[in-house]
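Undergrad: model this:
(chains A and B)
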Amino acid sequence: DVVMTQTPLSLPVSLGDQASISCRSSQSLVESNGNTHLHWYLQKPGQLPQLLLYKVSNRFSGVPDRFSGSGSETDFILKISRVESEDLGVYYCLQSTHLPFTFGSGTKLEIK
Amino acid sequence: EVQLVESGGGLVQPGRSLKLSCVASGFTFSNYGMNWIRQAPGKGLEWVAYISSGSSYIYYAETVKGRFTISRDNAKNTLYLQMTSLRSEDTALYYCARHNSYIPFDYWGQGVMVTVSS
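TA: Prediction:
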């Protein structure tokens, strides 16, 4: 199975700060057709997970542009340019290039 | 508006069976693959199973293969998860989630709790 390693596990930030979360895969996530199936989700406290970014850098409907994604092959980054209170929660990366689909262990974004 | 509503959860003894349902609305159910994903209390997310729009392709996590069966009834807009030989480690909140081509899990249900305990 592809192991997804997220760092850090906990990310204390001040509102208005920039935040970065790293996600590394144990093997390349590039499909034979060139697509890279790495996605990001946010689970706010007490809520169901919600899709933020798909295929590395594409924002899902309604996601603010302060969220951005980058990376390739095995190394990926989620950036939040100016953290707002509604951004707090646990962020997960997911790979769907290989079966089984696998999530990272999560990064908790919290107030410093 | 896309809606996914799970049901069928509850408390069950180890070794017993349970069947979850997920009723979809707000989109053409028969055009989309579907997934089950679970989250043990206080833990992260674990993908469980996938079924393609026409049921031709079905995949499972190794942890449930041979015990769980995913299926769907497109006429009823309903996704199912038949769970047998349940173990304590299957205790989790089970979510159904839509699979939109290259965008997995774009919409999620609220989840249904399954507790396996004697």
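Undergrad: Pull the contacting residues for A:S72.
TA: A:S72 is in contact with A:V30, A:T36, A:V56, counting by CB atoms under 8 Å, 6 or more residues apart in numbering or on different chains. All C-beta atoms are positioned from the backbone trio N, CA, C, and that covers glycine.
Undergrad: Throw these into CSV and include secondary structure, thanks.
TA: Below are the contacts of A:S72 laid out as CSV (DSSP: H, G, I helix; E, B strand; the rest coil):
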residue, secondary structure
A:V30, strand
A:T36, strand
A:V56, coil
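Undergrad: Which among those residues count as buried?
TA: Buried subset of the contacts of A:S72 (neighbour count, 16 or more other CB atoms under 10 Å in any protein chain shown): A:T36, A:V56.
Undergrad: residues from chain A in reach of chain B?
TA: Chain A has residues A:1, A:35, A:37, A:39, A:41, A:43, A:48-51, A:54-55, A:60, A:90, A:92, A:94, A:96, A:99-106 near chain B, with proximity defined as CB under 8 Å from any CB of the partner chain.
Undergrad: Can I get the buried part of those as one PyMOL selection?
TA: Restricted to buried positions by 16+ other CB under 10 Å, the PyMOL selection for the residues of chain A next to chain B reads:
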select buried, chain A and resi 37+39+41+43+48+49+50+51+54+60+90+92+94+96+100+101+102+103+104+105+106
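Undergrad: which residue packs closest to the spatially most central residue of chain B, ignoring adjacent ones?
TA: Nearest to the mean C-alpha position of chain B, counting by CA atoms, centre = their mean, stands B:W36 at 2.9 Å. Distance criterion CB to CB, 6 or more residues apart in numbering or on different chains; nearest residue to B:W36, sequence neighbours excluded, is B:V48 at 4.2 Å.
Undergrad: tell me which of the contacts of A:S72 is nearest to chain B?
TA: Closest approach to chain B among these (CB to the nearest CB): A:T36, at 10.0 Å.
Undergrad: quick one: what helix or strand has B:A49 in it?
TA: strand B:45-51 (DSSP states H and E).
Undergrad: got it, and B:K19?
TA: With DSSP H and E as criterion, B:K19 is part of strand B:18-25.
Undergrad: Who are the packing partners of whichever helix or strand comes after that strand?
TA: Counting by DSSP H and E, the next helix or strand C-terminal to strand B:18-25 is strand B:33-39. Counting contacts by 3 or more CB pairs under 8 Å, 6 or more residues apart in numbering or on different chains; DSSP states H and E, strand B:33-39 is packed against strand B:18-25, strand B:45-51, strand B:68-73, strand B:78-83, strand B:92-100, strand B:103-108.
Undergrad: and the residue positioned nearest the centre of chain A, what pLDDT?
TA: With distances taken as CA atoms, centre = their mean, chain A has A:W40 as the residue nearest its mean C-alpha position (3.4 Å). pLDDT recorded at A:W40 is 98.
Undergrad: dump the residue contacts of it.
TA: A:C23, A:L51, A:L52, A:L53, A:F67, A:G69, A:L78, A:Y91, A:Y92, A:C93, A:L94.
Undergrad: Tell me which of those fall in strands.
TA: Judged by DSSP state E, those include A:C23, A:L51, A:L52, A:L53, A:F67, A:G69, A:L78, A:Y91, A:Y92, A:C93, A:L94 as members of strands.
Undergrad: Most neighbours among those, which one?
TA: Among the ones in strands among the contacts of A:W40, the one with the most neighbours (other CB atoms under 10 Å in any protein chain shown) is A:C93, at 29 neighbours.
Undergrad: my guess is it meets A:H39, correct?
TA: Yes: if you go by CB atoms under 8 Å, A:C93 and A:H39 touch, sitting 7.0 Å apart.
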